[in-house]
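In: Below: sequence and its predicted model.
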Amino acid sequence: LDLADARDALAGIVFSVIAHELVHAWLPVSLFPREDPWVKEGFTSFYGYAFAARGGWIGPATVDRLFAKYDEGVFGDVDLEEVELSDPRLWYEEYSGENWRRVTYDRGFAVGLLLDVYLRTETDNRKSLDDVLPVLFGRHRHRGFDRDAFMAAIEDGTGVDARAFFSRWVDSTEVPEPRLVDDAMRQAIEFGAFARD
């Protein structure tokens, strides 16, 4: 494995994992989402890949396949269809089995992607999750934040009211269908969420 060779697919995987783990220094270490356990791995998965792509460590072909196995990994899994993403059991069940892991890693990643695309769509791609996390960090670093603070940061960072989004995708058991996630991924790529500056 040659980490200096950007063409090496394994190097891209290593850098994606490194980016993911570095995001954990932000979520949930510096910013602890008390009422949204899904953010711990959902946002971290989204940003791990986004930062790896923006840094040039993974290319468009890899980005395009991030949800290639979402259909087989998510659907038909009873736990995923019965647990809300705000369910506090996610804090301690996350690693108790593959079903629970998929709630935050797979479904959480999908909802994180959908939220970023929602914010970009509502603001004509002028604002995104990139504008929300610095607001949260500025107000709540090194301590937890609740849902009201989360909603305030989204609105202050983007001008968008995300309560209806959270009602549908976070506080319910509805799982984003593969076609919706695929469409969101295409939109995110078009918006430049995974593009190098």
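Out: Happy to help now that I have it.
In: who touches stretch 163-181?
Out: 36, 38, 67, 70-71, 74-75, 80-86, 107, 110-111, 113-115, 118, 147, 151, 184 (Cβ atoms under 8 Å, 6 or more residues apart in numbering). Heads up, the C-betas are built off the backbone N, CA and C, glycines and all.
In: Buried only: go through these for me.
Out: The neighbour-count test (16 or more other Cβ atoms under 10 Å) marks 36, 38, 67, 70, 74, 80, 83-86, 107, 110-111, 113-115, 118, 147, 184 as buried among the contacts of stretch 163-181.
In: Restricted to helices, list these.
Out: Trp38, Tyr70, Val74, Leu80, Ala110, Val111, Leu113, Leu114, Leu115, Tyr118, Arg147, Ala184 (DSSP state H).
In: Break down this structure into its strands, ranges please.
Out: With DSSP state E as the definition, the chain shows strands at residue ranges 31-33, 143-145.
In: Output those in JSON lines, with mean pLDDT appended to each entry.
Out: As requested, these are exported to JSON lines (pLDDT from 0 to 100):
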{"stretch": "strand 31-33", "mean pLDDT": "93"}
{"stretch": "strand 143-145", "mean pLDDT": "93"}
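In: Most tightly packed of those?
Out: strand 31-33 (a mean of 21; mean count of other Cβ atoms under 10 Å).
In: Give the partner strands of that one in its sheet and their orientations.
Out: Strand pairing for strand 31-33, using DSSP bridges, gives strand 143-145 (parallel).
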